[in-house]
Each structure stands twice: as C-alpha cells, then as structure tokens.
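Q: no sequence on this one, just coordinates:
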C-alpha cells in the first residue's frame with residue numbers, strides 16, 4: 001500500500017483495480033455490484049479475477065466517490081483515472 005496516498009492495487013490477469021481508502025464514501029456500489037470480487041470480510045478484499053473483466057470495469061466505473069479505478073492489462077481499451085475532487 002502506498003502510505004502517502006492510501007492507494008492499494010489489486011492485480012488480476014485482465015484488470016488491475018486500485019482502491020484509494022481516503023476517497024471512499026462507503027456507498028457499497030462495488031460490494032452490491034460484484035460481491036464475488038469485492039468482499040470486505042476477506043483479505044485481500046478485492047479479487048479482480050473472480051469476475052469477467054467487462055463486468056468488473058462496469059462496477060468500478062459506478063463508484064460514486066472515485067475511490068476505485070482500474071487499468072486493463074489484457075489489451076482492453078478502457079482505463080479510468082481518478083481526479084482530485086474540487
């Protein structure tokens with residue numbers, strides 16, 4: 001975990017998911033959307049390979065706070081970067 005930013009990355013075969021704890025507003029969109037990937041009772045709590053890459057990307061994009069971001073590592077075309085809130 002990068003202590004200065006509170007970011008931690010979870011690498012999968014197709015998608016790497018990054019979580020920034022300080023931005024999370026606990027809306028639980030991720031947990032409701034893909035409980036097989038996002039399980040707060042498990043460590044690590046994010047397992048990107050537990051779901052299809054497209055489904056995972058869709059759920060990460062729904063994160064209302066921007067605490068979740070992703071990078072396609074399988075040659076996929078999309079990437080979401082978080083930006084600072086103003």
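A: It's in. Everything numeric in this text was worked out from a predicted model, so none of it was measured.
Q: please make it C-alpha for all contacts and neighbour counts, starting now.
A: Fine.
Q: average pLDDT for the lengthiest helix in the chain?
A: If you go by DSSP state H, the chain has its longest helix at helix 53-61. Per-region confidence: helix 53-61 scores 97 on mean pLDDT.
Q: can you list the low-confidence ranges for the chain?
A: For the chain, the stretches with pLDDT under 70 are 1-5, 77-86.
Q: was I right to think residue 39 contacts residue 46?
A: Yes. Here residue 39 reaches residue 46: they are 6.6 Å apart, a contact under CA atoms under 8 Å.
Q: neighbour count winner among these two?
A: residue 46 (24 against 16; other CA atoms under 10 Å).
Q: quick one, helices of the chain?
A: Per DSSP H, the chain carries helices over the ranges 29-33, 53-61.
Q: let me see the ranges of the strands in this protein.
A: For the chain, the strands defined by DSSP state E cover 7-11, 15-20, 68-72, 79-80.
Q: okay if I get those strands as JSON lines plus mean neighbour count and distance to residue 55?
A: Shown next, in JSON lines, are these (neighbours: other CA atoms under 10 Å; distance: least, CA to CA, whole Å):
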{"stretch": "strand 7-11", "mean neighbour count": "16", "distance to residue 55": "16"}
{"stretch": "strand 15-20", "mean neighbour count": "21", "distance to residue 55": "11"}
{"stretch": "strand 68-72", "mean neighbour count": "22", "distance to residue 55": "12"}
{"stretch": "strand 79-80", "mean neighbour count": "15", "distance to residue 55": "14"}
